[in-house]
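In: Prediction below, plus the sequence it came from.
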Amino acid sequence: MPARRTLSASALALAGALALAACGSSAQPAAEDTSAAPSGSASDAGTTTIEHAFGTTTIEGTPERVATVNWANHEVPLALGVVPVGMAAANFGDDDGDGLLPWVEERLTELDAETPVLFDETDGIDFEAVADTDPDVILAAYSGLTQEDYDTLSEIAPVVAYPESAWATPWREVITVNAAGMGMAEEGEELVASLEAEIEEAVAGYPQLAGRSTMFLTHVDPTDLSEVSFYTAHDTRAAFFEDLGLATPASVAEASASNDQFSGTVSAERVDVFSDVEIIVTYGDEELVATLSGDPLLSQMPAVANGAIVSLPGSDPLGTAANPTPLAISWVLDDYLALLAQAADASATAS
């Protein structure tokens, strides 16, 4: 089944309307309706105030020059029809080495826009490059900013940081918080609603997924299976399972309750705690699946024993899109659901 290479028809229609709204709003700032603002934000007389993990950011008027740092934040303005002046280059899943993921490249083409300045974040945020774009606001609702990063960026422009924890902002909040920072809170809510409707329609075609307990293994080292690392319920990849009709295993939920970290690790000798896991998603290939199946401890996990494993190529756009972002959701949804459904069928056949 081919992946969706562009936004869905409904999302395209919405994006077009939002782009017109963005063009109309850039002429003069307007007060926002606070009922549409995300939690922790408020707007009054053209001033937007956003509360986040590092304090409060106040943004005057409607920003015209939007810069973004870290993963995927640029997808929010792009989805809303606004081209950033600068954004982070893709350093994971970039299939052709141009610094753009395919869904971002396609969106730029749809907007008839040139590629923005790409920040090389291989060694961290390039503060000088960000400053050179002269932004009015810097979006980072989904990010790993440190206090030092935030303070340095704040010297350049107002910064929209993550609400609570690094790398743990759900995709809906990534949209609503960043959109509020752009003075487009209402448009952000509309985009969320459009994507929710698209997901609901697609999931309806895969009833076998309903309630299947699913976990995401991460950093699997085939040469050392003495530990099992996994994304907790705080991670956006694992949280996305519930949008797809799947369930969080009680074992993963319990392991996630003790802290707010996005990943956890247990000894392989305690792998029986994951006896409630029906489907496993991980980054790897068929060789990794065979390695898991041949391990005397990990093979005891029901999902491994039943062959209910979705192995995603870590350097491929499909693997990258398992982390839900505003543009990637439409691009990957059909393919991802089909792979999960195959695993669910394997689990059902074995049980």
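Out: Thanks, I have the structure now. Numbering: from 1, shown residues only.
In: Give me the nearest residue to F54, chain neighbours excluded.
Out: Y150 (4.6 Å; Cβ to Cβ, 6 or more residues apart in numbering). Every C-beta, even on glycine, is put in place using the N, C-alpha and C of the backbone.
In: That neighbour falls within a strand, correct?
Out: No - the assignment for Y150, made by DSSP: H, G, I helix; E, B strand; the rest coil, is helix rather than a strand.
In: Look up the pLDDT of it for me, please.
Out: We have a pLDDT of 98 for Y150.
In: Could you measure from it over to A305?
Out: 46 Å (Cβ to Cβ, to the nearest Å).
In: before we move on, which element is F216 in?
Out: F216 belongs to strand 214-216 when assigned by DSSP states H and E.
In: helices and strands around that strand, which ones?
Out: Applying 3 or more Cβ pairs under 8 Å, 6 or more residues apart in numbering; DSSP states H and E, we find strand 214-216 packed against strand 227-231, helix 236-243, strand 279-283.
In: rewinding a little: which of Y150 and A305 has more neighbours?
Out: Using other Cβ atoms under 10 Å as the criterion, Y150 and A305 rank with Y150 on top: 20 against 14.
In: Wait, that one touches V159, no?
Out: Yes - applying Cβ atoms under 8 Å as the test, Y150 and V159 come out as touching, 5.8 Å apart.
In: who touches both of the two?
Out: Each of F54 lies in contact with both Y150 and V159 under the rule Cβ atoms under 8 Å, 6 or more residues apart in numbering.
In: still on that earlier bit, return the most buried member of the helices and strands packed on strand 214-216.
Out: strand 279-283 (a mean of 25; mean count of other Cβ atoms under 10 Å).
In: Name the strands paired with that strand and say parallel or antiparallel.
Out: strand 214-216 (parallel), strand 309-312 (parallel) (DSSP bridges).
In: which stretch among the helices and strands packed on strand 214-216 comes nearest S258?
Out: Of all those, it is strand 227-231 that lies closest to S258, at 13.7 Å by Cβ to Cβ.
In: Return the alpha-carbon coordinates of the closest one using PDB.
Out: Taking C-alpha atoms only, strand 227-231 is exported to PDB below (Å, rounded to 0.1, in the frame of the first residue of the first chain):
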ATOM      1  CA  GLU A 227      18.800  -5.200  28.600                       C
ATOM      2  CA  VAL A 228      15.400  -4.200  27.200                       C
ATOM      3  CA  SER A 229      15.000  -0.500  26.400                       C
ATOM      4  CA  PHE A 230      11.600   0.900  25.500                       C
ATOM      5  CA  TYR A 231       9.800   4.200  25.000                       C
END
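In: wait, what's in contact with the nearest residue to S165 once chain neighbours are set aside?
Out: Nearest-residue entry for S165: D260, 4.8 Å, with adjacent residues in sequence omitted and distances by Cβ to Cβ, 6+ apart. Residues in contact with D260 (Cβ under 8 Å, 6+ apart) are E164, S165, A168, H234.
In: The closest residue to V85 other than its chain neighbours - how many residues pack around it?
Out: Counting by Cβ to Cβ, 6+ apart, V85 lies nearest to T133, which is 4.3 Å off, once chain neighbours are set aside. Neighbour count of T133, defined by other Cβ under 10 Å: 19.
In: E128 too?
Out: What E128 shows, counting by other Cβ under 10 Å, is a neighbour count of 9.
In: how about the strands in the protein?
Out: 41-44, 47-52, 55-60, 66-68, 86-88, 117-119, 137-139, 159-160, 214-216, 227-231, 263-267, 279-283, 309-312 (DSSP state E).
In: can I get these in TSV with distance to G99?
Out: Formatted as TSV, the strands of the chain follow (distance: least, Cβ to Cβ, whole Å):
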stretch	distance to G99
strand 41-44	31
strand 47-52	27
strand 55-60	27
strand 66-68	13
strand 86-88	9
strand 117-119	5
strand 137-139	18
strand 159-160	22
strand 214-216	26
strand 227-231	26
strand 263-267	26
strand 279-283	21
strand 309-312	21
